[in-house]
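Participant: I'll drop the sequence and a predicted model, then ask my questions.
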Amino acid sequence: MMKYILILLLPLSANAADLSSLQIKKEIAWQAINLVDYGQTQSISKECNLSDRFEYNPVLGPCPSHAAVNKYFLASALLHYGITRYLDDNRDIWQNATIIVSGSIVYHNFSIGVKVDF
């Protein structure tokens, strides 16, 4: 799977425009949010057979395995960075939207008591 992700990212990075200082900070912010989401999803994965909690992400399914969570979040981190590098005119819109959406999900998970578990 990793080789396919890298193959997809190579053409993206070849055409990439340079990121501004603010865009680098936004990418770091999204990656940090993604890391927290990863930890929350791992927590849900460990608890889903023992509680009424389940994963809402349709790609992962209601009770994803540890390996599936690892692969999904690695792919999402790499693809987000690749798309960010590839976009030029719409990069700020992309970054703002993904930070808001991902941040809202992480906030919601915390508000219902989902813990971060690595």
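Facilitator: Sure thing, it's come through. Because the structure is predicted, anything quoted here is derived from the model rather than measured.
Participant: dump the residue contacts of Gln87.
Facilitator: Slight slip there: residue 87 is Leu, not Gln. Residues near Leu87 by CB atoms under 8 Å, 6 or more residues apart in numbering: Trp94. In short, each C-beta sits where N, CA and C put it, glycine included.
Participant: measure it to Val59 for me?
Facilitator: 22 Å (CB to CB, to the nearest Å).
Participant: quick one: low-confidence parts of this protein?
Facilitator: Applying pLDDT under 70 to the chain flags the ranges 1-17.
Participant: how about the strands in it?
Facilitator: With DSSP state E as the criterion, the chain has no strands.
Participant: ranges for the helices of it?
Facilitator: 2-14, 21-47, 66-86, 91-111 (DSSP state H).
Participant: so can I have a markdown table of the ones you listed showing mean neighbour count and distance to Glu55?
Facilitator: Shown next, in a markdown table, are these (neighbours: other CB atoms under 10 Å; distance: least, CB to CB, whole Å):
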| stretch | mean neighbour count | distance to Glu55 |
| --- | --- | --- |
| helix 2-14 | 12 | 21 |
| helix 21-47 | 17 | 5 |
| helix 66-86 | 16 | 8 |
| helix 91-111 | 15 | 10 |
